[in-house]
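**Student:** sharing a model that was predicted from the sequence below.
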Amino acid sequence: MASENAHLDSTIKSLDQGLEKAKTGATRSINSWVDALGDSEDEDLIQIADELEELGDLLEENDYTPAQLKKALTSLGKKTTAVASQAEGATAEKIKTLGKQLTDAAKSL
């Protein structure tokens, strides 16, 4: 759990700097989250991993519209916030924060 919390902290900190700055390390972070969530047996987490993989592909191609990015971030934000209820304590709060940041990033586009 400690490594997941550290990963959450790192992702939150990155998004705190704004979407443009977060984009720099996004692919590495996305791949790490896909690996972590894809190993889950929880269908909600697997769906998030799949959507993250699609977002990573979109960012790697660097040929996306703001509408495509907004749609991806909005969906990820909603799903991330929803799974926060399955977590406990500080981890749940961090997941909620991350979900809100993804939703806010989508709204900024």
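**Tutor:** Ah, there it is. As the structure is a prediction and not an experimental result, all values here were calculated from the model. Numbers count the residues shown, from 1 in each chain.
**Student:** helix, strand, or coil at E41?
**Tutor:** coil (DSSP: H, G, I helix; E, B strand; the rest coil).
**Student:** neighbours around it, how many?
**Tutor:** 6 (other C-beta atoms under 10 Å). In short, each C-beta sits where N, CA and C put it, glycine included.
**Student:** what about it, distance to L15?
**Tutor:** Per C-beta to C-beta, to the nearest Å, E41 is found 27 Å from L15.
**Student:** what do you get for Y64?
**Tutor:** 18 Å.
**Student:** cool, I48 as well?
**Tutor:** In terms of C-beta to C-beta, I48 sits 15 Å off from L15.
**Student:** stretch 45-58 - what's its average pLDDT?
**Tutor:** Average pLDDT, stretch 45-58: 92.
**Student:** stretch 19-30 now?
**Tutor:** In this model, stretch 19-30 has an average pLDDT of 79.
**Student:** so how far is the first residue of it from its last?
**Tutor:** Stretch 19-30 has its terminal residues 14 Å apart, counting by C-alpha to C-alpha, to the nearest Å.
**Student:** need the contact list for the nearest residue to A22 once chain neighbours are set aside.
**Tutor:** The shortest distance from A22 to any non-neighbouring residue, by C-beta to C-beta, 6 or more residues apart in numbering, is to S14 (4.6 Å). S14 sits next to 21-22, 25-26, 29 when contact means C-beta atoms under 8 Å, 6 or more residues apart in numbering.
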